[in-house]
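> Mind folding the following:
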Amino acid sequence: GSAPPFCNQAEAMTLQLVVRSYVHSLSRPLRTAAGIWQQRTGWLLRLTCAVSGRVGWGEVAPLQPTDRLACERALSRWRNAADATCNRDQLEALLPMLPAAVAFALGAALAELDGLVQAWLPAPRSACLLPAGEAMLPMLDQLLADHPVDEPITLKWKVAATDPDLEWSLLTQLLERLPCSARLRLDANAGWERSEADRWAGVLQDDPRLDWLEQPLAVDDLQGLQALGHRVPVALDESLLEQPALREHWQGWQVRRPLLEGDPRTLLRQLQEGRPRLMLSTVFETGIGFRWLALMAGLQQLGPTPVAPGLAPGWCSGGNLFSSDPSQVWAAAETVR
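Take a look at the predicted model:
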């Protein structure tokens, strides 16, 4: 039989919204300049169109405790109802006022209901995420040993997360081991002062293997970030979350984490139109959020500046919570609550 119509009529329509929480642990702790992460908690959304029966899925995956509290408050109007109803027009009007992580989930579900995603693309080959501190070298050696010699590898290393002198020593060893064809990203999570960033830039500014320094300085030190960008490539991450207007003004690389940015339809359209110098990055989401991350990373690969996304392979434990089938993710969340 023919498929039911998309929910894209101009008139208001009734939608049923169900919210379900989840929790999962990373396969190992992730140490960053902002602290240590291991457990991830969030919410899954299922939005059903009463007219067509179509379903759209979303995920709320905030990183910071304050953001989680804001998301929990925003979701409370729906969480306590087994089958809450909402008006499409009212929901659209509410999106800009919601926490960004909640707006992402609802915008993603609405986009799926409206048929804006014609096909879910497979995830491209990702950069490999190296742990902070002394654990970096053993993993680096293992990754290089396992990686095909004729294929380039992209590595991302979390820095500004432990003793600076230790990291400086580890950098020397990393650069000695790194093949000429490899690509390197160093992510300081806004943890360096200008003097430390300058020291690292002095070593790396002529190294062709460097993709960029990722958020090397404080989110509000735009003058320092711009000055550093004249020496080495600089990619903004946290600055873009704190100051969303920078997404339209920063001319260098941007690390975009869709699940933290709000309604994804704008970013989806930009990637479909081939906007350059955007790199898509994970927040260690479940399979429902990852569908969107893979789609956007796949679109980025088709654009003018293809680059390996940051999907952190191997850092999530696996299982049905990370399935590409949203109904399996939904069922898995129910079993682990």
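
> quick one: contacts for the closest residue to Q301 other than its chain neighbours?
Excluding its sequence neighbours, the residue lying closest to Q301 (Cβ to Cβ, 6 or more residues apart in numbering) is P124, at 4.9 Å. C-beta here means a position set from N, CA and C on the backbone, and glycine is covered the same way. For P124, the contacting residues are 294, 297-298, 300-301, 308-309, by Cβ atoms under 8 Å, 6 or more residues apart in numbering.

> swap in A188?
Here A188 is in contact with 33, 159-160, 197, 213-217 (Cβ under 8 Å, 6+ apart).

> Return the subset of those lying in strands.
Here DSSP state E is the test, and these give 213-214 as lying in strands.

> Including pLDDT and distance to S25, could the contacts of A188 go into JSON lines?
Converted to JSON lines, those look like this (pLDDT from 0 to 100; distance: Cβ to Cβ, whole Å):
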{"residue": "A33", "pLDDT": "78", "distance to S25": "21"}
{"residue": "V159", "pLDDT": "96", "distance to S25": "24"}
{"residue": "A160", "pLDDT": "96", "distance to S25": "24"}
{"residue": "A197", "pLDDT": "98", "distance to S25": "32"}
{"residue": "L213", "pLDDT": "98", "distance to S25": "29"}
{"residue": "E214", "pLDDT": "98", "distance to S25": "25"}
{"residue": "Q215", "pLDDT": "98", "distance to S25": "25"}
{"residue": "P216", "pLDDT": "98", "distance to S25": "29"}
{"residue": "L217", "pLDDT": "98", "distance to S25": "31"}
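
> Most neighbours among the contacts of A188, which one is it?
When these are compared by neighbour count (other Cβ atoms under 10 Å), P216 ends up highest, at 31 neighbours.

> end-to-end on stretch 59-66?
Terminal residues of stretch 59-66 lie 18 Å apart, using Cα to Cα, to the nearest Å.

> And stretch 117-134, by the same measure?
With Cα to Cα, one end of stretch 117-134 sits 42 Å from the other.

> Identify each buried residue in it, please.
121, 123-124, 126-133 (16 or more other Cβ atoms under 10 Å).

> Kindly report the same for stretch 44-57.
Neighbour-count burial for stretch 44-57 [16+ other Cβ under 10 Å]: 44-49, 51-52, 54-57.

> send the alpha carbons of it over as PDB?
Coordinates of the C-alpha atoms in stretch 44-57 are reproduced here as PDB (Å, rounded to 0.1, in the frame of the first residue of the first chain):
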ATOM      1  CA  LEU A  44      14.500  10.000  24.200                       C
ATOM      2  CA  LEU A  45      11.500  11.500  22.500                       C
ATOM      3  CA  ARG A  46       8.900   9.800  20.300                       C
ATOM      4  CA  LEU A  47       6.600  12.200  18.500                       C
ATOM      5  CA  THR A  48       3.600  10.700  16.600                       C
ATOM      6  CA  CYS A  49       1.300  12.500  14.100                       C
ATOM      7  CA  ALA A  50      -2.300  11.700  14.900                       C
ATOM      8  CA  VAL A  51      -3.300  12.400  11.300                       C
ATOM      9  CA  SER A  52      -0.800  10.100   9.500                       C
ATOM     10  CA  GLY A  53       0.600   7.800  12.200                       C
ATOM     11  CA  ARG A  54       4.100   8.800  11.200                       C
ATOM     12  CA  VAL A  55       6.700   8.800  14.000                       C
ATOM     13  CA  GLY A  56       9.600  11.200  14.500                       C
ATOM     14  CA  TRP A  57      12.400  10.500  17.100                       C
END
